[in-house]
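Visitor: The sequence and its predicted three-dimensional model are supplied below.
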Amino acid sequence: MVCRDPRLLEALRLQPLAEHLMLADTPARTSSSRSRCTIRPSGWPSGTAVRSSRFDGRSTGTRTAGAWSSLRRAIITYDRPGYGGSDRQPGRSVVDCVSDVAALADHLGIARFAVTGGSGGGPHSLAVAARLGDRVVRARCDVGVAPYGVEDLDFFAGMDPLNVTEFGWALQGEEMLAGELERELSETVERVAKDPSKVLGDDWTLDEADRAVLGRPEMAAVIRETTADLARGGVWGWVDDDLAFTRPWGFDLAEIAAQVQVRYGAKDVLVPAAHGAWLARHVPGAEVVINDGEGHLRDPDAVVSDIRWLVTGE
C-alpha cells in the first residue's frame, strides 16, 4: 500500500481546499455492482467541477473561501469502495473507479470536469483520464504510486521498510493483509488519541518536511476526525486498495489523451520519487512538477494554488 492510513494522508493533502465549505453526505446510486457510493460536494457555483477521486474531506474554517469564490468551481469528493459510506467492492481493480466517477458525474449533471488524485488516488485519477478522456478537462496525479511489477522500476527502492512490509502482506493475500491492517488501525487510533502528529509512529523514516506538516496545529483536528472516520468504516477499503496496487491496473497509460500533470516530492519515502519519475516517463505528454523540498505531504499553504492549475491550466 502507499501508506498505513491512505484516507488520512489523502485528506491531509487536500483538506485546506474545503475549509470554508459546508459538506454533506449525499449517497448516490451507481451503475457498478455496488449499490451505494458516498459523495461530498463542496460549494456548488456554476462552472466546471474539480473532482477528487481520493479522499473523504471534511473541515471547518474560512481560510480558502476567497480563493474558491474567485475560481467559481465546486469540489466533489467521494469515498472509494469500502471506505466511509461507500459499499465495498471485493476484488476491484484501479480501473473500476471509472464507472463510479462517470455515474456520479451523471448523477450531478456534470458534463466535463477536472480530476485529481494523490497517493493511492493517483492511479485512479489516471484511470479516469484514460477512460473518460472526452469529459476530463485536466488531470493530476499527485505523489501517485506506479504499477507493480513493471520491468523498468524497482518498486521498493527508497520506500520506507514499514511500507515494504505492508506490500508483502498484500502479496500474501487478503486474509493476511486484513488481519495485519486491523492491528495497524487499532494502534493508529491509540496513537492519535494521545498525539495526532504521531499518526505515523516514530518508526517511520519520514522526512522532516512531512513531520512538519503532521505537526501543524491546524492538522490535529483533521487527523483526529479522519482517523475516527476510518475506524468506524473499518479496513476493507484500505485492504482492497493494497490488493489493487499489486495487480494490473486494468488500463494502459498510453490511452491518456487529456492534459495531465504528474507531481511528486523528492523526499517521499511512502511513494518514492522513482514512482513519480516512472509515471512522468510513461504518461503521454505529462507536465512534470518535482517538489525538491517536500516528501509525501503537500505544504497546506500551497494546495489552492496547485488546484488552480486544474481549473486554468496555468
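Guide: Thanks, I have the structure now. Numbering: from 1, shown residues only.
Visitor: next structured bit after the host helix or strand of residue 128?
Guide: If you go by DSSP states H and E, residue 128 is part of helix 121-131. Using DSSP H and E, the next helix or strand after helix 121-131 towards the C-terminus is strand 136-142.
Visitor: Distance from the next helix or strand after that next one to the middle of the chain?
Guide: Downstream of strand 136-142, the first helix or strand assigned by DSSP H and E is helix 161-172. Helix 161-172 sits 19 Å away from the centroid of its parent chain (Cα atoms, centre = their mean, to the nearest Å).
Visitor: Counting by contacts, list what the helix or strand following helix 161-172 packs against.
Guide: Heading C-terminal from helix 161-172, the first helix or strand you meet, by DSSP H and E, is helix 174-194. For helix 174-194, the elements it packs on are helix 161-172, helix 219-233, helix 236-245, judged by 3 or more Cβ pairs under 8 Å, 6 or more residues apart in numbering; DSSP states H and E. Using the backbone N, CA and C atoms, a C-beta is placed for each residue, glycine as well.
Visitor: Low-confidence ranges, this structure, go.
Guide: 1-73 (pLDDT under 70).
Visitor: Tell me which residue lies farthest from the centre of it.
Guide: Most distant from the centre of the chain: residue 194, at 25.6 Å, with distances by Cα atoms, centre = their mean.
Visitor: Tell me the spacing between that one and residue 235.
Guide: Distance of residue 194 to residue 235, computed by Cβ to Cβ, to the nearest Å: 21 Å.
Visitor: and what of residue 278?
Guide: Using Cβ to Cβ, residue 278 is found at 28 Å from residue 235.
Visitor: Assign the nearest residue to residue 214 once chain neighbours are set aside to helix, strand or coil.
Guide: Leaving aside its chain neighbours, residue 214 sits nearest to residue 197 (4.7 Å; criterion: Cβ to Cβ, 6 or more residues apart in numbering). Under DSSP: H, G, I helix; E, B strand; the rest coil, residue 197 falls in the helix class.
Visitor: neighbours around residue 197, how many?
Guide: By other Cβ atoms under 10 Å, 18 other residues sit near residue 197.
Visitor: Contacts only, for it.
Guide: By Cβ atoms under 8 Å, 6 or more residues apart in numbering, residue 197 lies in contact with 211, 214-215, 219-220, 223.
Visitor: right, and the pair among the residues you listed with maximum separation?
Guide: 211 and 220 (14.0 Å; Cβ to Cβ).
Visitor: which phi and psi does residue 111 have?
Guide: Main-chain torsions, residue 111, degrees, to the nearest 10: phi -80, psi -40.
Visitor: residues contacting the nearest residue to it once chain neighbours are set aside?
Guide: Leaving aside its chain neighbours, residue 111 sits nearest to residue 135 (6.6 Å; criterion: Cβ to Cβ, 6+ apart). The contact partners of residue 135, taken as Cβ under 8 Å, 6+ apart, are 102, 105, 111-113.
Visitor: Name the nearest of the residues you listed relative to residue 139.
Guide: If you rank those by distance to residue 139 using Cβ to Cβ, residue 113 comes first, at 9.7 Å.
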